[in-house]
Each structure stands twice: as C-alpha cells, then as structure tokens.
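Enquirer: Just a sequence and a predicted model for now, questions to come.
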Amino acid sequence: MRRGYRLDNALRYTLADSPVVVADRQNGDVLLGVLDAGPGGVPDELPRLVERFYRGSEARVEGSGLGLTIARRIAETHRARLDVENRAGGGLAAFLRWRGAAQVSETSPGR
C-alpha cells in the first residue's frame with residue numbers, strides 16, 4: 001500500500017505493525033488528528049516541535065523538521081489550533097482542533 005504524504009511522519013515514527021489513527025470529534029470540537037505508536041517526544045521539547053527545522057533530540061529517522069510547522073500554519077489559516085501531545089500508551093498525537101464546530105456541522109450539513 002502506498003503511503004500518503006500527510007501521514008508520512010506518523011508512519012515513519014510508529015512501531016512496526018502499529019496502527020495510525022485519524023480522529024474526528026471530542027467534546028463538541030471537530031478534530032483532524034493523527035495518532036501513532038512511536039516513541040513520542042521528550043515532554044519539554046513538545047512545544048518546540050512546531051518550530052521550523054526543529055527536530056527533537058531523540059529523532060532517529062531522516063526529516064527536515066517542517067511537518068508540524070506546516071500543520072500549525074494550516075491550523076492558523078483555517079481558524080483551528082494545533083495540539084501536539086504524547087499519548088498515555090506511547091506515541092504522539094497531533095490534532096487540528098476547531099472549537100465548537102461539531103454543533104455547527106451537525107445542524108448545518110453541507111455548509
């Protein structure tokens with residue numbers, strides 16, 4: 001199966017044969033997210049992962065350090081927020097979050 005560009009980092013960093021999940025809603029917010037089962041990030045470095053060319057100190061695969069920077073810019077352009085966090089069971093979660101948008105989309109389909 002061909003890897004999609006938008007999921008490339010999650011597929012690179014996740015453990016072999018581990019799923020990559022895309023989520024859609026939480027507490028009235030609309031989420032577009034990617035969750036992987038890789039090593040996650042060093043907690044103190046998580047806020048810096050969205051900086052241009054920044055690569056975490058534990059990064060073990062090639063990359064330019066632009067993926068989350070681009071995601072943050074997409075979030076800003078679409079009035080969303082980018083949340084990046086370690087998952088409790090291991091791995092990293094990155095979400096574009098639109099606050100309260102689920103109620104609007106449920107009552108106004110197609111808009």
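Expert: Done, it's in.

Enquirer: use CA for all of it now, contacts and neighbours both
Expert: Fine.

Enquirer: residues in contact with the biggest helix by length in the chain?
Expert: Identified as the longest helix of the chain according to DSSP state H is helix 67-77. For helix 67-77, the surrounding residues in contact (CA atoms under 8 Å, 6 or more residues apart in numbering) are Asn9, Leu49, Val50, Glu51, Arg52, Arg81, Leu82, Leu96, Arg97.

Enquirer: Whichever helix or strand comes after that helix to helix 67-77, inter-axis angle?
Expert: Tracing the chain past helix 67-77, the next element assigned as helix or strand by DSSP states H and E is strand 81-86. Compare the direction of strand 81-86 with that of helix 67-77 by axes from the mean of the first three to the mean of the last three CA atoms, to 10 degrees and you get 150 degrees.

Enquirer: returning to that earlier point: now the longest helix of the chain - C-alpha only, PDB.
Expert: Extracted as PDB, the C-alpha positions of helix 67-77 are listed here (Å, rounded to 0.1, in the frame of the first residue of the first chain):
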ATOM      1  CA  GLY A  67       5.900  18.700   9.100                       C
ATOM      2  CA  LEU A  68       4.400  20.100  12.300                       C
ATOM      3  CA  THR A  69       5.300  23.700  11.300                       C
ATOM      4  CA  ILE A  70       3.200  23.200   8.100                       C
ATOM      5  CA  ALA A  71       0.400  21.700  10.200                       C
ATOM      6  CA  ARG A  72       0.500  24.700  12.500                       C
ATOM      7  CA  ARG A  73       0.200  27.100   9.600                       C
ATOM      8  CA  ILE A  74      -2.700  25.100   8.200                       C
ATOM      9  CA  ALA A  75      -4.400  25.400  11.600                       C
ATOM     10  CA  GLU A  76      -3.900  29.100  11.700                       C
ATOM     11  CA  THR A  77      -5.200  29.500   8.100                       C
END
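
Enquirer: Done for today, thanks.
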